[in-house]
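**Student:** Return a 3D structure for these sequence lines:
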Amino acid sequence: MAYEHSTGHLLAEFDRIARILDGYRSTLDQSGPSQPVDPETTPPVEPAQLPLGIPEKAEAEIERRATAIEKQVEESTATGTRLRLAHLVETFDLSANHRDVLLLALLPVAYPRYQEVFAELQNDLAATQPTVGLVADLFSETDGERVAATGLVGPDSPLREHGLVSIGEPDDKRLNRTERPVFVEDRIESYLLGHEGIDPVLSDLLETVTAETTLEALRLDGGVSDRLRTLSDVDGEDRLYWHGPDGTGKHRAVEAVLAADTVLEASFPAVRAAGLFDRLRRELRLLDRPLHIHSVSAVTSEEPAAVDDLFDAFDSIDRPLIVTGTEGWTPTRSSTAVDAIVEFPRPSFAVRRQFWADHADALPERLDPTVLAGTFELTQRELETALASARSLAGEGELTLAHVYEGCRAQSASGLDDLAEKLEPGVSWEDIELADETERELRTVTAHVTHRGRIYAEWQFEERFSRGTGVVALFSGRSGTGKTMAAEVIATETGMELYKIDLSSVVSKYIGETEENLEEIFTEAENSNAILLFDEADAVFGDRAAVSDATDRYANVEVNYLLQRIESYDGVVLLTTNYESNIDTAFMRRIDHSVPFRRPQEAIRRSIWEDIFPAATPVAELDYEFLSSFKLTGGDIRTIAQTAAILAAADEGEVTMKHVVRGLQRELEKAGKMVDPQDFGTYREFLHS
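**Tutor:** Sure thing, here's the model as predicted:
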């Protein structure tokens, strides 16, 4: 008859142990001197093979009960009933003697009345637990066997090796070491007595994750999905390493592939810092669950062999182990056994587009899933979070383009904040006045940015280019012609963030520091989904010098490095220069778009003047025809308008021609130009003398 639960089995075993103690009690009054042992003729005895030191009649009865219990255990196993004691014995490869020592130590915990029994048997009121000496007496008939029996709880015993029991210290230090009590470890005690949960010592480090997903439900590229399907029948011997950026689905794939009710999950740095690998191994065996250890890259960046150590540490555990990190890894030792290494790349354009297409009904009509997928290279988790954030921003209102863009931007890396100036675009096509040629080129750049996914992935242009799929555009023209404003327009149209890097501050006189500064910027920008605006590009991208000394040679190394880094970068890079002729010709070949920004013609200057003052600014009638006759840039006009507003505010009135003329005079003089009163006609009276 099978046991219905673990408690029934444990109680039957306790009854058997109690009968062993009864048999031992009957020997106490009859025992005489032990038979001498000749060490030369007596072979050593393994502790697991020692006989019970009780009368033969009692031993026969106990053996009969043990056989009956074993049969019931087999029947229980056949019906699928999980018996904790039987599982522990099998998992830790305990002999019958080791099992009985464990039960002896657990008996006074389960039944406190047995504390008096142990005190009586050991003739010590304080000895309420079995001692090393009592264990030796119970499992021996001769002096030689008694010595061997102490090995049942010795340092090499599986009970001590796996942390199942511990040996206490006697209260009186003068007592013999065989009088040290044997205790069941708290976690093992809790487990055998049927308590649920995990080891309290591991509670802050170990989680039990319920598997709630399937491979079909994950949005993974075809190659990754196919690879995981071959691993979906993992058994206890499987050792797997998965790597890729956070949010690419590694953790959810663990649940899908293992297909277990629950998976144990732990952080490698946390367990390692706490020094609890032995305890984790024991828990894994007790609960008989697959294990997922994540965040290994946080350690391996400094200790490459740490993952080898991790796999080796769990080599003897007969349960699946999946280790995940962000960086790639291969074993550094031939002894480290790994069954498969799988890379989880960032989702392809096709996967991202499918995500947005699946949610098209909830998106604004103007939003093209193809454009959105090509603009923001987000992971699966980031895609889901971006959409949820957009819905939260919309609240009860209608979901707009701005909400979706804001949700996507919120998922991007923010490491650039410490390396560059974040610009807040506040202008659109309606706010910028450009020559027709410049506007056409600028709109082409914008189309290139928004349709990268379609061009390179869907139409497969990526296969035709050896370099990356990024967008590199050069804006050239004198200061104030609208180069930075044009970058803001592109950012507004695409919904991307804009970071301005002042290259003149990045370049260092110290060897190697310029490359380090630039590499840090590009590394942080890799997954930022941001536009990089390099100001004063000719500071680095200038013509390479003829090599006449070590300094020239190293300067050329900087340029070569940056050429290669720009070429391999898959993001959007905008560069500005006041002098296009200063840009290295080799770099010019790597530029996708060269957009000239020239001084605006008179008609455009007039349009700029007419729109330069905000609607809230009180402005008198101005002579726009006169003002547009001066050959100024848009930046010049913006500065003049601000100066005029300052002067008008000081006069506590509206902006008049007097204020504008004086602002114009100030800007011309600041630029080092001669101010001829004749050029101002009737407005020369407003000039400062």
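**Student:** make it CA atoms for all contacts and neighbour counts henceforth
**Tutor:** Noted.
**Student:** same question for stretch 477-497, mean pLDDT?
**Tutor:** Per-residue pLDDT over stretch 477-497 has a mean of 92.
**Student:** Over to stretch 66-78?
**Tutor:** On average, stretch 66-78 scores 94.
**Student:** Make residue 1 into 29 and carry on from there
**Tutor:** Yes, from this point I'll number from 29; that puts the last item at stretch 94-106.
**Student:** list the buried ones in that stretch?
**Tutor:** Ala94, Ile97, Gln100, Val101, Glu102, Ser104, Thr105 (16 or more other Cα atoms under 10 Å).
**Student:** So what touches it?
**Tutor:** Here stretch 94-106 makes contact (Cα atoms under 8 Å, 6 or more residues apart in numbering) with Met29, Ala30, Tyr31, Glu32, His37, Ala40, Glu41, Arg44, Arg110, Leu111, Ala114.
**Student:** can you give me the strands for the stretch 329-478 of the chain?
**Tutor:** Taking DSSP state E, counting those that start in this stretch to define them, one finds strands in the stretch 329-478 of the chain at 349-353, 368-371, 449-451.
**Student:** Return the most buried member of these.
**Tutor:** strand 349-353 (a mean of 25; mean count of other Cα atoms under 10 Å).
**Student:** what lines up beside that strand in the sheet?
**Tutor:** strand 267-271 (parallel), strand 319-322 (parallel) (DSSP bridges).
**Student:** Contacts for the helix or strand following the shortest one, please.
**Tutor:** Toward the C-terminus, strand 319-322 is succeeded by helix 325-328 as the next helix or strand (DSSP states H and E). Contacts to helix 325-328, defined as Cα under 8 Å, 6+ apart, come from residues Phe296, Pro297, Ala334, Val335, Gly353, Thr354, Glu355.
**Student:** returning to that earlier point: possible to save the strands of the stretch 329-478 of the chain as TSV with mean pLDDT and distance to Leu314?
**Tutor:** Compiled in TSV, the strands of the stretch 329-478 of the chain are given as follows (pLDDT from 0 to 100; distance: least, Cα to Cα, whole Å):
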stretch	mean pLDDT	distance to Leu314
strand 349-353	93	15
strand 368-371	93	26
strand 449-451	91	53
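**Student:** hmm, back to that, adding distance to Pro318 as columns, could you present the contacts of helix 325-328 in TSV?
**Tutor:** Output for these, formatted as TSV (distance: Cα to Cα, whole Å):
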residue	distance to Pro318
Phe296	15
Pro297	19
Ala334	21
Val335	18
Gly353	17
Thr354	21
Glu355	22
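**Student:** Can you tell me the element the residue nearest in space to the middle of the chain falls in?
**Tutor:** Centrality entry for the chain: nearest residue to the mean C-alpha point is Asp274, 4.2 Å, by Cα atoms, centre = their mean. Using DSSP H and E, Asp274 sits in no helix or strand.
**Student:** tell me the contacts of it?
**Tutor:** Counted by Cα under 8 Å, 6+ apart, Asp274 has contacts Thr354, Thr407.
**Student:** Apply 10 Å and report the result again.
**Tutor:** Counting by Cα atoms under 10 Å, 6 or more residues apart in numbering, Asp274 touches Ser323, Gly353, Thr354, Phe372, Pro373, Arg374, Thr407, Gln408, Arg409, Glu410.
**Student:** Just the buried ones among those, please.
**Tutor:** Ser323, Gly353, Thr354, Phe372, Pro373, Arg374, Thr407, Gln408, Glu410.
**Student:** how much space between the fifth one and Asp389?
**Tutor:** Pro373 is 28 Å from Asp389, where distance means Cα to Cα, to the nearest Å.
**Student:** Please apply the same query to Arg633.
**Tutor:** 44 Å.
**Student:** Can you pick out the residue with more neighbours from these two?
**Tutor:** Taking other Cα atoms under 10 Å, Arg633 and Asp389 do not tie; Arg633 has more neighbours (24 against 9).
**Student:** and the closest residue to the more buried one other than its chain neighbours, how many neighbours?
**Tutor:** Nearest residue to Arg633, sequence neighbours excluded (Cα to Cα, 6 or more residues apart in numbering): Ser656, at 5.3 Å. By other Cα under 10 Å, 21 other residues sit near Ser656.
**Student:** my guess is Arg112 meets Leu315, correct?
**Tutor:** Yes: taking contacts as Cα atoms under 10 Å, Arg112 lies within contact range of Leu315: 9.4 Å.
**Student:** More neighbours: which of these two?
**Tutor:** Using other Cα under 10 Å, the more surrounded residue of Arg112 and Leu315 is Arg112, with 20 against 15.
**Student:** any idea of the pLDDT on the more buried one?
**Tutor:** 96.
**Student:** returning to what we had before: taking the contacts of helix 325-328 one by one, which sit in helices?
**Tutor:** Of those, the ones assigned to helices by DSSP state H are Phe296, Pro297, Ala334, Val335.
**Student:** Turn those into TSV, including pLDDT, distance to Leu447 and neighbour count.
**Tutor:** Putting the ones in helices among the contacts of helix 325-328 into TSV (pLDDT from 0 to 100; distance: Cα to Cα, whole Å; neighbours: other Cα atoms under 10 Å) gives the following:
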residue	pLDDT	distance to Leu447	neighbour count
Phe296	92	30	25
Pro297	91	28	18
Ala334	88	32	19
Val335	89	32	24
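**Student:** Closest one to Lys701 out of the residues you listed, please.
**Tutor:** Nearest to Lys701 among the ones in helices among the contacts of helix 325-328, counting by Cα to Cα, is Pro297 at 65.1 Å.
**Student:** which residue sits closest to the closest one in space, ignoring its chain neighbours?
**Tutor:** Looking at Pro297 with Cα to Cα, 6+ apart, the closest residue is Val327, at 6.4 Å.
**Student:** ok, Glu552 - how many residues close by?
**Tutor:** 15.
**Student:** Test for you: state the pLDDT assigned to it.
**Tutor:** 86.
**Student:** Which helix or strand lies directly C-terminal to the worst-scoring helix or strand of the chain on mean pLDDT?
**Tutor:** Scoring the helices and strands of the chain by mean pLDDT, DSSP states H and E places helix 578-596 at the bottom, with a mean of 62. Using DSSP H and E, the helix or strand that follows helix 578-596 in sequence is strand 600-605.
**Student:** Would you list the strands that that next one pairs with, along with their directions?
**Tutor:** When DSSP bridges is applied, strand 600-605 pairs with strand 499-504 (parallel), strand 558-563 (parallel).
**Student:** Reformat these as JSON lines; add distance to Ile619.
**Tutor:** Formatted as JSON lines, these follow (distance: least, Cα to Cα, whole Å):
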{"stretch": "strand 499-504", "distance to Ile619": "5"}
{"stretch": "strand 558-563", "distance to Ile619": "13"}
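**Student:** quick one: which of the contacts of helix 325-328 is nearest to Arg257?
**Tutor:** Gly353 (20.3 Å).
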